[in-house]
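>>> attaching a predicted model along with its sequence, questions to come.
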Amino acid sequence: MTDAPVLASLRTARLTRARPTLASRLFTSAAGATLAASGAVHAQLYLDGYRYLHAVGVLFLLQAAASFGLGALLLAAALLPPPALIQLTAAGTALGALAGFAASRTIGVFGFVEHGLQPAPQALIGIVAECATVAALLAAGYLAARHGQARTSR
Amino acid sequence: MKKSFPIRRVGAAAALLAAAGLALAACSSPAQSTTSATATGLTPGSGEPSLAGMPGATGTGAAQPLTAQSAGGSMPSMTMPMSGAAQTSAGAAVATDNVSIENFAFTPASVTVKAGTTVTWTNQDTDAHTVTSQNNAGPLNSQPLNTGQSYSHTFTQPGTYSYLCTIHPFMTATVTVTR
Amino acid sequence: MTAPMTRRQLARHAGWFGAAVVLSVTGGEVVSHVADTRDTASAAGTGDPNTLRFVQISDSHIGFTGPANTDVTGSFARAVDQVNTLGFRPDFVMHTGDLTHLSTPAQFDQVKQMMSGLDTDRVFTVPGEHDSVEDHGRAYRQTFARGAEGDGWYSFDTHGVHFIALVNTLSLEKLGHLGTDQIDFVRRDVAGLPSDTPIVVFSHIPLFAMYPQWGWATDDALQVLNLLKRFASVTALNGHVHQLFTRVEGNVTFHSATTTAYPLPKPGQAPAPTPQVLPARQLRTALGIRTVEYRQATTPLAITDKELT
């Protein structure tokens, strides 16, 4: 079996299986909390009327659902570290939300356009939460990789 | 390093979280609907003499009889298309007295003629168009031109005449009349 | 390090992703359950007199003949049927302009007859540029706006919402135009209103700059929007562009409606906003009607766009 993308993810998966450091696990948990916060913002906006928007409403619901699900799993990381693929998916969810935000301020999303940090304060909370999610996951991944290297070179 | 197989633990955690979520949903009370005493009927705005619009099929207002207006308005005199409309690209002013209306554009978009020239516009689109001076402040004022119909105007005074199609106001063009 | 994934590892991944899916689906279910509860609890069936429901139809272009829709009359008749079989009787129906294609008396007569079959309390209209082709809107005003001020603008109230119907298609110079008389009318009209009154503004051409290159904007709309700045919720509903589009700017949400006649290209996706010819089956999905619901003292107006059935 020599599938390149699978190999890459396997390598990282192995690293995380080698029980990551406490710092790495805490970062992952923090990412879970911020991702869930982003999900909460999306859920609240969905309930506050975004659900009536053509196509955009469904995207808000999907974003909220995925953020809650993955956020809950990452939160549990302090006790039970998830595989790297879960963390990658979580980072992708946060990046997807950021991309959607950027698109809605520029080219529009299915004919939906907003300006600036409206609605306040949800737009800002969402962005901060999603950036924090990505940053925390990067930190966790970096720590895990360094830890793994240290182990293998020992 | 622990080698315990974690699927069962993950499953248990998931079930716990799911149960917590469902309990939360069950507890979340529906939005409070406060009933205020605002009029639910239709009323005209404060400065309005009467309610605009017309009653619907089951409306409460007195049904106005529909006035069947005579449909056959007098048709303006129209000429059939002239042959050989100038096929020049828009941009620089072109010395021609024929303007073609095609693909929702006047072609050429800018023409230059001498005073006393009669300019003819011919509609070659499937949709109707007009040739109308901008601001309604000018001599051009055609009826809607259907496919193949033409409109002509003789320019006597030098100057620049901007016009548009009132049906599709993004269609704009100019005629420049020189001595 | 390059060993293949063992069965144990595969099972482990499946477990994690299974948990992710279960949790996500549960979360989604919870959120949509709360949404449903909100929808049904405050609406309490279709008979709730405190719930305002109205319909927006637009751009019927009665009299249009072209390959983009060879039967605009049939399409509009279907839209009227669809309004009459919504399952509730709308409080009113608003047609946001381009009722006719060429403003002939016969076309006005036909569209008025068809709209008089709408099962609703009242039918309102605003004119489109196709409703004032050579008479500066005289025939339109005689047919639809006899009592109205100026060029046919007016306002009305129901269910605690203030509605303003504007005319921005006369004295048109590429962009839509309101004029000082109409702006003064809005100033007087909203002067006595408390700032928590929800405002709905109707116009044919968008009041926001959707695509000025094609005339999809109103040059003096900002003056009216400034007059409405103090209101908590302003919803602007327009037609003209024959496609769904939503934009939020400050306290105003703009919603462009689709048409019952023929689609136009997306902004900048064609050399000019000319009628788009679609395969027969696709045409129907581009056409549609819009229902708007408002429950007092709850969330903002709920706008639902439906494809023509």
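Nice, I can see it. All figures in this text were calculated on a predicted structure; none of them were measured in a lab.
>>> low-confidence stretches in chain A?
Within chain A, the stretches with pLDDT under 70 are A:1-19, A:151-154.
>>> report the longest helix in it, please.
Longest helix in chain A, counting residues (DSSP state H): helix A:122-153.
>>> from the chain's centre, how far out does it sit?
Using CA atoms, centre = their mean, to the nearest Å, the distance from the centre of helix A:122-153 to the centre of the chain it belongs to is 10 Å.
>>> pull out the buried positions in it.
Of the residues in helix A:122-153, A:122-123, A:125-127, A:129-130, A:132-137, A:139-141, A:143-145, A:147-148 count as buried by neighbour count, 16 or more other CB atoms under 10 Å in any protein chain shown. To be clear about C-beta, it is placed using only N, CA and C from the backbone, and glycine gets the same treatment.
>>> which other helices and strands does that helix contact?
Helix A:122-153 sits against helix A:4-17, helix A:22-47, helix A:84-105, with contacts defined as 3 or more CB pairs under 8 Å, 6 or more residues apart in numbering or on different chains; DSSP states H and E.
>>> format the ones you listed as CSV; extra columns: distance to chain B and mean neighbour count.
Shown next, in CSV, are the helices and strands packed on helix A:122-153 (distance: least, CB to the nearest CB, whole Å; neighbours: other CB atoms under 10 Å in any protein chain shown):
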stretch, distance to chain B, mean neighbour count
helix A:4-17, 8, 16
helix A:22-47, 9, 23
helix A:84-105, 10, 19
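>>> I'd like the ones you listed as TSV, with distance to chain C appended.
Shown next, in TSV, are these (distance: least, CB to the nearest CB, whole Å):
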stretch	distance to chain C
helix A:4-17	6
helix A:22-47	5
helix A:84-105	5
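>>> any chance of CSV for the ones you listed, columns distance to C:Y211?
Shown next, in CSV, are the helices and strands packed on helix A:122-153 (distance: least, CB to CB, whole Å):
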stretch, distance to C:Y211
helix A:4-17, 42
helix A:22-47, 27
helix A:84-105, 17
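>>> which residues touch the residue nearest the centre of chain C?
Among the residues of chain C, the one closest to the centroid is C:A257, at 3.6 Å (CA atoms, centre = their mean). Listed by CB atoms under 8 Å, 6 or more residues apart in numbering or on different chains, the contact partners of C:A257 are C:Q56, C:I57, C:S58, C:D59, C:T96, C:L237, C:N238, C:G239, C:L244, C:R290, C:D305.
>>> okay, now the sheet partners of the strand or helix carrying the first one, with direction.
Secondary structure assignment for C:Q56, by DSSP states H and E: strand C:51-57. Strand pairing for strand C:51-57, determined by DSSP bridges: strand C:92-95 (parallel), strand C:288-295 (antiparallel).
>>> mean pLDDT lowest for which of those strands?
Ranked by mean pLDDT, the strands paired with strand C:51-57 bottom out at strand C:288-295, with a mean of 92.
>>> now the element after that strand, going C-ward?
Downstream of strand C:288-295 (by DSSP H and E), the next one is strand C:302-307.
>>> what comes up buried for that following strand?
Neighbour-count burial for strand C:302-307 flags C:A302, C:I303, C:D305 (criterion: 16+ other CB under 10 Å).
>>> filtering the residues you listed by proximity to chain A, which remain?
The residues of the buried residues of strand C:302-307 that also fall near chain A, by CB under 8 Å from any CB of the partner chain, are C:A302, C:I303, C:D305.
>>> okay, stretch C:70-84 in PDB with CA atoms only?
In PDB, the C-alpha atoms belonging to stretch C:70-84 read as follows (Å, rounded to 0.1, in the frame of the first residue of the first chain):
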ATOM      1  CA  THR C  70     -42.800  32.100 -24.900                       C
ATOM      2  CA  ASP C  71     -45.700  32.100 -22.500                       C
ATOM      3  CA  VAL C  72     -45.300  34.800 -19.800                       C
ATOM      4  CA  THR C  73     -49.100  35.000 -19.300                       C
ATOM      5  CA  GLY C  74     -49.200  31.200 -18.500                       C
ATOM      6  CA  SER C  75     -46.300  31.600 -16.100                       C
ATOM      7  CA  PHE C  76     -48.000  34.500 -14.300                       C
ATOM      8  CA  ALA C  77     -51.300  32.500 -14.200                       C
ATOM      9  CA  ARG C  78     -49.300  29.700 -12.500                       C
ATOM     10  CA  ALA C  79     -47.800  32.200 -10.000                       C
ATOM     11  CA  VAL C  80     -51.400  33.500  -9.100                       C
ATOM     12  CA  ASP C  81     -52.500  29.800  -8.600                       C
ATOM     13  CA  GLN C  82     -49.500  29.200  -6.400                       C
ATOM     14  CA  VAL C  83     -50.300  32.200  -4.300                       C
ATOM     15  CA  ASN C  84     -53.900  30.900  -4.000                       C
END
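>>> who's in contact with residue 28?
No chain specified, so I'll use chain A. With contact taken as CB under 8 Å, 6+ apart, A:T28 is in contact with A:P20, A:L74, A:A77, A:A78, A:P81, A:P82, A:Q87, A:A136, A:L137, A:A140.
>>> I was after chain C.
Under the criterion of CB under 8 Å, 6+ apart, the neighbours of C:G28 are A:L61, A:L62, A:A64, A:A65, A:F68.
>>> same check on C:R138?
C:S132.
>>> in the stretch 151-300 of chain C, which residue sits closest to chain B?
Nearest to chain B in the stretch 151-300 of chain C, going by CB to the nearest CB, is C:S155, at a distance of 3.0 Å.
>>> meant to ask about chain A
Nearest residue of chain A to chain B, counting by CB to the nearest CB: A:A72, 4.9 Å away.
>>> burial count for that residue?
When neighbours are defined as other CB atoms under 10 Å in any protein chain shown, A:A72 has 26 of them.
>>> quick one: contacts for B:P139?
B:S133, B:H153, B:F155, B:Y161.
>>> try it again with 10 Å
B:S133, B:H153, B:T154, B:F155, B:T156, B:Q157, B:Y161, B:Y163, B:V175 (CB atoms under 10 Å, 6 or more residues apart in numbering or on different chains).
>>> related to what we said a few turns ago, for the residue nearest to the centre of chain C, which non-adjacent residue is closest in space?
Sequence neighbours aside, C:S58 is the residue nearest to C:A257 in space, at 4.5 Å (criterion: CB to CB, 6 or more residues apart in numbering or on different chains).
>>> what do you get for C:Y294?
Nearest residue to C:Y294, sequence neighbours excluded (CB to CB, 6+ apart): C:L52, at 4.4 Å.
>>> any idea how far chain A is from that neighbour?
Remark: distance between C:L52 and chain A (CB to the nearest CB, to the nearest Å) = 15 Å.
>>> can you pull out the strands in chain B?
Under the criterion DSSP state E, strands of chain B are mapped to B:43-44, B:54-55, B:98-101, B:106-107, B:110-114, B:118-123, B:132-133, B:150-154, B:159-164, B:172-178.
>>> just the strands in chain C please.
C:51-57, C:92-95, C:122-125, C:154-158, C:161-165, C:199-203, C:234-238, C:245-249, C:252-256, C:288-295, C:302-307.
>>> still on that earlier bit, neighbours of the residue of the stretch 151-300 of chain C closest to chain B, how many?
Neighbour count for C:S155, taken as other CB under 10 Å: 26.
>>> tell me what it is bridged to.
Going by DSSP bridges, C:S155 forms beta bridges with C:I164.
>>> hang on, it packs against B:G45?
Yes - between C:S155 and B:G45 there is a contact at 3.0 Å, judged by CB atoms under 10 Å.
>>> quickly list what's touching both of those two.
Contact criterion CB under 10 Å, 6+ apart; residues shared by C:S155 and B:G45: B:A52, C:H162, C:F163, C:I164, C:A165, C:F185, C:R188, C:D189, C:V190, C:L193.
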